[in-house]
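Colleague: build me a structure from this.
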Amino acid sequence: MLMILPKGWPWMAFPLVGYGIGWFLDRKETERMVLFRDKSALYGRVLKEGEQPSWP
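Modeller: Numbers count the residues shown, from 1 in each chain. Got it, this is the predicted structure:
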C-alpha cells in the first residue's frame, strides 16, 4: 500500500525537526554547563572547610 502525503508535508515537518534539534542542543548545553558549577570567576567564591557547594 502506497502512502500518499499531502503536498505541503515538508512545511509541516520542519517545525517538528527544528524543535527536536533545539531540544537536543539545549540538553547538550546543560550537560556542558554542569561542569562549571561553582567554578565561575565572576560568581565563584572560596568554600570554607566542610562547606557544601551550592549544588547537591
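Colleague: Ile4: how many residues sit nearby?
Modeller: The tally of other residues near Ile4 (other CB atoms under 10 Å) stands at 6. Yep, even glycine has a C-beta here, placed from its N, CA and C like the rest.
Colleague: ok, Gly20 next?
Modeller: Neighbourhood size, Gly20 [other CB under 10 Å]: 10.
Colleague: and what of Val17?
Modeller: Close neighbours of Val17, defined as other CB under 10 Å, add up to 10.
Colleague: what's the spacing between it and Glu51?
Modeller: 46 Å (CB to CB, to the nearest Å).
Colleague: can you map out the helices along this structure?
Modeller: 9-34 (DSSP state H).
Colleague: so where's it shaky on pLDDT?
Modeller: 1-2, 37-45, 53-56 (pLDDT under 70).
Colleague: how about a cut-off of 90?
Modeller: 1-13, 31-56 (pLDDT under 90).
Colleague: now for Met33: which residues touch it?
Modeller: Contact analysis of Met33 by CB atoms under 8 Å, 6 or more residues apart in numbering lists nothing.
Colleague: please report how far it lies from Gly22.
Modeller: Counting by CB to CB, the gap from Met33 to Gly22 is 16 Å.
Colleague: and if you look at Lys7?
Modeller: Lys7 is 26 Å from Gly22, by CB to CB.
Colleague: more neighbours, these two?
Modeller: Using other CB under 10 Å as the criterion, Lys7 and Gly22 rank with Gly22 on top: 10 against 7.
Colleague: how far away is that one from Ile4?
Modeller: 30 Å.
Colleague: pull the distance from stretch 23-36 to the chain's centre.
Modeller: 5 Å (CA atoms, centre = their mean, to the nearest Å).
Colleague: now do stretch 46-53
Modeller: 29 Å.
Colleague: neighbours of the residue lying closest to Met12 once chain neighbours are set aside, how many?
Modeller: The shortest distance from Met12 to any non-neighbouring residue, by CB to CB, 6 or more residues apart in numbering, is to Pro6 (7.6 Å). As a burial measure, Pro6 scores 8 neighbours (other CB under 10 Å).
Colleague: kindly report the same for Leu25.
Modeller: Here the number of neighbours of Leu25 (other CB under 10 Å) works out to 10.
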